[in-house]
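Visitor: A predicted structure for the sequence below; I have some questions about it.
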Amino acid sequence: MNLQQVIDALNLKVYTTSRDFSAIEPSCGYASDLLSCVMAGASKHSIWVTLQAHGNIVAVATLLDLTAVIITENALPDESIIEKANEEGVTLLGTAHSSFYVIGKLWELGLRCKPEAEPI
Amino acid sequence: MPPDSLFQRKTLTQAETENITRVEELAYELKVEEVMTPSPVTVSPQTSMSAVLELFRQNRISGAPVLDSGKLVGLVSIEDLLKCLQKADLESATSRYMSTRLLTVKASDPVIEALKLFVSSHYGRMPVLNNSGNLVGILTKGDITSGILHAIEHDYHEEEVRRYRASHLFEDIESDRSSLILRYNIKQGDFTHGGAASSAIKRALLRLGANPQIARRTGIAVYEAEMNLIIHTTNGGIIRVEIEPNQISITISDDGPGIEDVNLAMRPGYSTATETVRELGFGAGMGLVNLQRCVDSMRLESVYGRGTNLRLKIFLSDKESVGEGS
């Protein structure tokens, strides 16, 4: 499953500059609003589901090489955060749904962690 | 089928418009003047078609703008030449065969504007005018393709060159022991730049040719330390990273307030973060735990009331060593 299919299936808003999402394959998923937990648990190229929308999500996503961040419950990142995400090449997506709903949908779509997608 | 329907522009779906690739981005970023052929070969309306044929052959071109006392009056192309050849009328003047229904583009327009015109008109080439309406170049679809390819190669090349230069740093400099020291001053409370230093360190390591896994581990460890300086210190602190071919040594120091109980601070889930900071997603009490997991050695010294000093080491095995490329 590629990122474009995720965006279409969940009808996600794309906050950052569009790119060829159909060429991007998420390796796994992770959900938490605590940044240190994400740092510890999210494996490379994962999709991260959170309702945090402040600047540090970009730093976390960059450091972990995450595929995309899905910001839930309509939490809106500032312009400056979107700009920073574009600079770093991080994809920020948004939805009005809750994290629970998004995670359920991702699971239903067949997103699973690939065996090599171990954290660290 | 009415001929027009062949040329109808496809309406893009929402999904397609969002699916903008780097090539499409470049079509918006590049200006016509950056990809056009400047100062093209021109002819006058009086030039004979046989002279045009010779000109095309010599210059290996397939079209030329027609200028009358410096003013653009038409465009003559290989198609016009073919019509002329069919009638065996090569001695006629260019004015008889040239196209006068002209579509022009401005030098300062983004390439995408020209692309739209090419698609809607099916013209093969277009004269390029400057703001005063003078001819400055000619543009074909081929010019756009090679311009974009060139720009992509340039993008790619720049980072390649940076990496290449950086990855040879340790080989190019001779000494008994070479190291590269990076220093970052971190301000207390500066959440806006939180993660900037760790991202920069990670990028530097990648450019130096470090194994991506090592770069990621270092990035995570430094991030936790960086956020600690932002969240918990009195006056911020300093991150110092020393990169050697066989190891990365990181020192994070501040002048207060210091950790009251280091053992307690190391316990997973223990946090002294305020409510405001926790709302931002910090204060999970996992920072030091994460940090320790990412490094090969960690030494935490703190004097309550004086400050904290954290020393980290990440070893690079021969295979993964910095400067070897990867």
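Guide: Cool, the structure landed.
Visitor: CA atoms for contacts and neighbours, from now on please.
Guide: OK.
Visitor: May I see the buried residues of stretch A:82-102?
Guide: When neighbours are counted by 16 or more other C-alpha atoms under 10 Å in any protein chain shown, the buried residues of stretch A:82-102 are found to be A:82-86, A:89-95, A:98-99, A:102.
Visitor: wait, I meant stretch B:170-177
Guide: Neighbour-count burial for stretch B:170-177 flags residue B:170 (criterion: 16+ other C-alpha under 10 Å).
Visitor: what stretches of the chain score poorly on pLDDT?
Guide: You didn't say which chain, so I picked chain A. Confidence mapping of chain A against pLDDT under 70 gives the ranges A:115-120.
Visitor: looking at chain B here, not the other one
Guide: Scanning chain B for pLDDT under 70 picks out the ranges B:1-22, B:318-326.
Visitor: Let's see that with 80 instead.
Guide: Applying pLDDT under 80 to chain B flags the ranges B:1-26, B:28, B:153-167, B:169, B:171-172, B:317-326.
Visitor: what's the spacing between the nearest residue to residue A:86 once chain neighbours are set aside and chain B?
Guide: The shortest distance from residue A:86 to any residue other than its chain neighbours is 6.0 Å, reached at residue A:16 (C-alpha to C-alpha, 6 or more residues apart in numbering or on different chains). Residue A:16 is 10 Å from chain B, where distance means C-alpha to the nearest C-alpha, to the nearest Å.
Visitor: so residue A:16 makes contact with residue A:92?
Guide: Yes - here residue A:16 reaches residue A:92: they are 5.6 Å apart, a contact under C-alpha atoms under 8 Å.
Visitor: Find the closest residue to chain B in chain A.
Guide: In chain A, the residue found nearest to chain B is residue A:34; the distance is 4.3 Å by C-alpha to the nearest C-alpha.
Visitor: If we ignore the residues flanking it in sequence, what's nearest that residue?
Guide: Closest residue to residue A:34 in three dimensions, ignoring its sequence neighbours and counting by C-alpha to C-alpha, 6+ apart: residue B:281, at 4.3 Å.
Visitor: still on that earlier bit, so what's the residue of chain A closest to chain B up against?
Guide: Under the criterion of C-alpha atoms under 8 Å, 6 or more residues apart in numbering or on different chains, the contact partners of residue A:34 comprise B:281-284.
Visitor: where does the residue positioned nearest the centre of chain A land in three-state SS?
Guide: Within chain A, the residue whose C-alpha comes closest to the C-alpha centroid is residue A:69; the distance, by C-alpha atoms, centre = their mean, is 2.1 Å. Under the three-state scheme (DSSP: H, G, I helix; E, B strand; the rest coil), the conformation of residue A:69 reads as strand.
Visitor: what does chain A put close to chain B?
Guide: A:8, A:18-21, A:33-37, A:39-40, A:52, A:54-56, A:59-60, A:62-64, A:120 (C-alpha under 8 Å from any C-alpha of the partner chain).
Visitor: Around chain A, pick out the residues from the stretch 201-326 of chain B.
Guide: Looking at chain A, the residues of the stretch 201-326 of chain B close enough under C-alpha under 8 Å from any C-alpha are B:202, B:213, B:216-217, B:219-220, B:224, B:280-287, B:290, B:294.
Visitor: Next step: those restricted to helices.
Guide: For these, membership in helices holds for B:202, B:213, B:216-217, B:219-220, B:224, B:287, B:290, B:294, with DSSP state H as the criterion.
Visitor: Just the buried residues of these.
Guide: Taking 16+ other C-alpha under 10 Å as the criterion, what is buried in these is B:202, B:216-217, B:219-220, B:224, B:287, B:290, B:294.
Visitor: Looking at those residues, point me to the pair that's furthest apart.
Guide: B:202 and B:287 (18.0 Å; C-alpha to C-alpha).
Visitor: Could you pull up the contacting residues of residue B:232?
Guide: With contacts defined as C-alpha under 8 Å, 6+ apart, the neighbours of residue B:232 are B:188, B:257, B:273.
Visitor: what do you get if the cut-off is 10 Å, keeping everything else the same?
Guide: In this structure, residue B:232 makes contact with B:188-189, B:254, B:256-259, B:272-274, judged by C-alpha atoms under 10 Å, 6 or more residues apart in numbering or on different chains.
Visitor: Could you do residue B:266 as well?
Guide: Residue B:266 is in contact with B:285-290, B:292, B:300, counting by C-alpha under 10 Å, 6+ apart.
Visitor: how far does stretch B:89-100 stretch from start to finish?
Guide: 19 Å (C-alpha to C-alpha, to the nearest Å).
Visitor: Run the chain-centre distance for that stretch.
Guide: How far stretch B:89-100 lies from its chain's middle: 47 Å, per C-alpha atoms, centre = their mean, to the nearest Å.
Visitor: Please spell out which residues along that stretch are buried.
Guide: Across stretch B:89-100, burial judged by 16+ other C-alpha under 10 Å covers B:90, B:93-95, B:97-99.
Visitor: Just want the phi and psi numbers for the residue lying closest to residue A:97 once chain neighbours are set aside.
Guide: Closest residue to residue A:97 in three dimensions, ignoring its sequence neighbours and counting by C-alpha to C-alpha, 6+ apart: residue A:73, at 5.1 Å. Taking degrees, to the nearest 10, you get phi 50, psi 40 for the backbone angles of residue A:73.
Visitor: Closest to the centroid, which residue in chain B?
Guide: Taking C-alpha atoms, centre = their mean as the criterion, residue B:155 is the residue nearest the geometric centre of chain B, at 5.5 Å.
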